[in-house]
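Enquirer: What follows is a predicted protein model with its sequence.
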Amino acid sequence: MAEAERIIGTPDIPEAAGTDPEQADSGNGADAASADASARPRGKRRIAVLFGVAGLAYALDLVSKMIVVAKLEHHEPIEIIGDWLKFEAIRNAGAAFGFGEAFTIIFTMIAAIVIVVIARLARKLYSLPWAIALGLLLGGALGNLTDRIFRSPGVFEGAVVDFIAPKGFAVFNLADSAIVCGGILIVLLSFRGLDPDGTVHKD
């Protein structure tokens, strides 16, 4: 009976393979360390994408506003597609698309908080789509925050420069567009269950 149990019983895996258990544990530790080492460069690349997209969005918004202030402000609107799309310089003290002009300081604080949250979230970022989405949000928030800090009538009360005027819609700028595109992308990523750390969850 004892002989039958010895033959049928499951052998000890490390010993049967001629492997010491301590060596197996050290091997697992090496695999984990290797995975961490490979994840770090990937995370750094995603962070680089985030700030690269943010820098591009911010630069385009800043340059476009400088041109609008220099060439279009106090001039007649420029028709791009007839009455359907015009470039018309206005100063907006409210939120995106001209909403909430009485809450300029509040919107300025919200933009600053969004920037801080995105910067903190970047440390756990391993998803390329999330990096692009957060980069658009960050660049747009920085663009409008720059206006609120440096433009008249005063610090943290500055009016944002808007100039894209579709027919029957509010006037906006490139920063607003970046924020909206980033927000839509985040909604789509969340709907698909993709988290900023690259994992996929299912409700």
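Expert: Arrived safely.
Enquirer: got any ranges where the protein has weak pLDDT?
Expert: Applying pLDDT under 70 to the chain picks out residues 1-42, 94-105, 202-203.
Enquirer: just the strands in it please.
Expert: 78-81, 85-92, 160-166 (DSSP state E).
Enquirer: winner for burial among these?
Expert: Ranked by mean neighbour count, those are led by strand 160-166 with a mean of 22 (mean count of other C-beta atoms under 10 Å). Heads up, the C-betas are built off the backbone N, CA and C, glycines and all.
Enquirer: starting at the chain centroid, how far to that strand?
Expert: Computed by C-alpha atoms, centre = their mean, to the nearest Å, the chain-centroid distance of strand 160-166 equals 23 Å.
Enquirer: same deal with stretch 49-63?
Expert: 11 Å.
Enquirer: Identify all contacting residues around it.
Expert: Stretch 49-63 is contacted by residues 118, 122, 125, 128, 131-132, 134-136, 138-140, 142-144, 146, 173-175, 178 when judged by C-beta atoms under 8 Å, 6 or more residues apart in numbering.
Enquirer: sorry, back to before: kindly reformat the strands of the chain as a markdown table containing distance to Leu50.
Expert: As requested, the strands of the chain are exported to a markdown table (distance: least, C-beta to C-beta, whole Å):
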| stretch | distance to Leu50 |
| --- | --- |
| strand 78-81 | 31 |
| strand 85-92 | 27 |
| strand 160-166 | 23 |
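Enquirer: For the chain, which residue occupies the most central location?
Expert: Among the residues of the chain, the one closest to the centroid is Leu134, at 0.2 Å (C-alpha atoms, centre = their mean).
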